[in-house]
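**Q** My questions concern the predicted model and sequence given below.
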Amino acid sequence: MRFSHVEAFRAVMLSGSTTAAAGILHTSQPNVSRSVALLEKATGLRLFERLPGKVVPTKDGLSFFKEVQRSFVGVQRLEEAAKRIRRFSGGLLRVAAVPTLAHGLIPRTIKRFVEIYPDASISIHAGHSSAISQWVDEQSCDIGVVSDLEQSYGFENEELYQIDGVCLMPRGHRLAAKQMIGPADLAGEPYISFSQNDYGRSNVDIVFERAGISRNITLETPYSSITCALVAQGLGIAIVNPIAAQDYQHLAVVTRPFHPPIKHVATLIYSRGNSRDRLISSFVEILKVVTLEDQRALATPVDRGRGLPSRRGLTSSGRLGH
């Protein structure tokens, strides 16, 4: 089966006649008829009924045309990709991140990135670390940002940041008067937790178990955006990633440092060799800059009513750990 024969068949189906198809393909009507006949021979299907002055697609022809159209959609996507690549900064960049970062840090990075690469197309995906690791491993995504590194995969990785969690509470809560929150302060308080089996849940559980404090877990969710919204509604207190909490300052919430520290780590992953790709390397560099700016903003003394954490939230160096 030759592509030119399939192309001739498609042109006849779209135009309604072999003569019109010949005009579309810039060839002769006999060439179109010959191509269709050869396609019928190759497939073993009778694609058209030949009637005086016209051709009518058969049931098999209509079914085959549906499959041809699906194939041509793929070809058109390849043509569009080739056009993007031919442009100076073209191409498709596929980025995946855990929801905590996909809702804030990644969009801020993309805003900066498209200012430099306005012709680049970007596809954004959010998922759990295990799903992102699989996407990067099978090269469905170019870059992943995960909170739990899957060691079984063979991709490259580097730490993006390591930062201490903060206690998130409704504005005006009695604990907002404290400069530092500990496990004992949360005894009896309605607590909004990570979901069971979530990677971050066990780290928090260990701290409270060691302190001998039993939390009053009233709500569970794996998503920081939902956690912040629930806290803003006065439904409880949570321990969250301060970079994620920054995205919800417009809500009626405040944060306070929490001790002992509960680390939140983000790791960059990409398939081996992909780090040398121009778009990927540029995006990663911009992501590191934006992350560092976020960390510096967290370290800057601000009005305690806004609830941003102090320098305790940063790594000991105050820099990205990569």
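**A** Sure, I can see it.

**Q** ok, now which ones touch S35?
**A** Shown in contact with S35 (CB atoms under 8 Å, 6 or more residues apart in numbering): 4-5, 7-9. Backbone N, C-alpha and C define where each C-beta goes, glycine included.

**Q** quick one: the lengthiest helix in the chain to chain centroid distance?
**A** Longest among the helix segments of the chain by residue count, using DSSP state H, is helix 59-86. Taking the mean C-alpha point of helix 59-86 and that of its whole chain, the gap between them comes to 26 Å (CA atoms, centre = their mean, to the nearest Å).

**Q** For D205, the count of nearby residues, please.
**A** 13 (other CB atoms under 10 Å).

**Q** Check what pLDDT it gets.
**A** D205 carries a pLDDT value of 89.

**Q** Where does it sit, in terms of helix or strand?
**A** Using DSSP states H and E, D205 sits within helix 199-211.

**Q** And the residue of the chain most remote from its centre, its phi and psi?
**A** Computed with CA atoms, centre = their mean, the residue of the chain farthest from its C-alpha average is P52, at 56.0 Å. Main-chain dihedrals, P52, degrees, to the nearest 10: phi -60, psi 120.

**Q** A42: how many residues sit nearby?
**A** Neighbours around A42, by other CB under 10 Å: 12.

**Q** Work out for me the element it sits within.
**A** Counting by DSSP H and E, A42 is part of helix 29-43.

**Q** Just the residues contacting the helix holding D205, thanks.
**A** 129, 147-148, 165, 182-184, 186, 193-195, 214-215, 239, 260, 262-264.

**Q** I'd like the list of the residues you listed that fall within helices, please.
**A** Counted as lying in helices by DSSP H, out of the contacts of helix 199-211, are S129.

**Q** among the contacts of helix 199-211, which ones are buried?
**A** 129, 147, 165, 182-183, 186, 193-194, 215, 239, 262, 264 (16 or more other CB atoms under 10 Å).

**Q** could you list every residue that touches H128?
**A** Taking CB under 8 Å, 6+ apart, one finds 98, 222 in contact with H128.

**Q** try it again with 7 Å
**A** Counting by CB atoms under 7 Å, 6 or more residues apart in numbering, H128 touches V98.

**Q** What of V36?
**A** Going by CB under 7 Å, 6+ apart, the list of residues near V36 reads 8-9, 12, 47-48.

**Q** Mind putting the contacts of S35 into a markdown table with distance to L25, pLDDT and secondary structure?
**A** Shown next, in a markdown table, are the contacts of S35 (distance: CB to CB, whole Å; pLDDT from 0 to 100; DSSP: H, G, I helix; E, B strand; the rest coil):
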| residue | distance to L25 | pLDDT | secondary structure |
| --- | --- | --- | --- |
| S4 | 9 | 87 | helix |
| H5 | 11 | 89 | helix |
| E7 | 7 | 89 | helix |
| A8 | 7 | 90 | helix |
| F9 | 11 | 88 | helix |
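
**Q** just so I have it, where are all the strands in the chain?
**A** 48-51, 54-57, 92-97, 121-126, 143-146, 156-164, 166-170, 190-193, 216-220, 238-240, 253-257, 263-270 (DSSP state E).

**Q** Ok, which of those comes nearest W135?
**A** strand 92-97 (5.4 Å; CB to CB).

**Q** for the closest one, packing partners?
**A** strand 121-126, strand 143-146, helix 278-299 (3 or more CB pairs under 7 Å, 6 or more residues apart in numbering; DSSP states H and E).

**Q** domain parsing for the protein?
**A** 3-86, 92-160+265-303, 163-263 (automatic domain parsing).

**Q** So which residue is smack in the middle of this protein?
**A** H125 (2.2 Å).

**Q** Tell me the spacing between that residue and S281.
**A** Distance, H125 to S281, by CB to CB, to the nearest Å: 20 Å.

**Q** again with A126
**A** A126 is 23 Å from S281, by CB to CB.

**Q** Neighbour count for these two, which is higher?
**A** Taking other CB under 10 Å, A126 and S281 do not tie; A126 has more neighbours (17 against 14).

**Q** Okay, now the unreliable bits of this structure?
**A** Low-confidence segments of the chain, defined by pLDDT under 70: 78, 81-91, 151-152, 199, 273-276, 300-322.

**Q** Counting neighbours, what do you get for V254?
**A** Neighbours of V254 using other CB under 10 Å come to 23.
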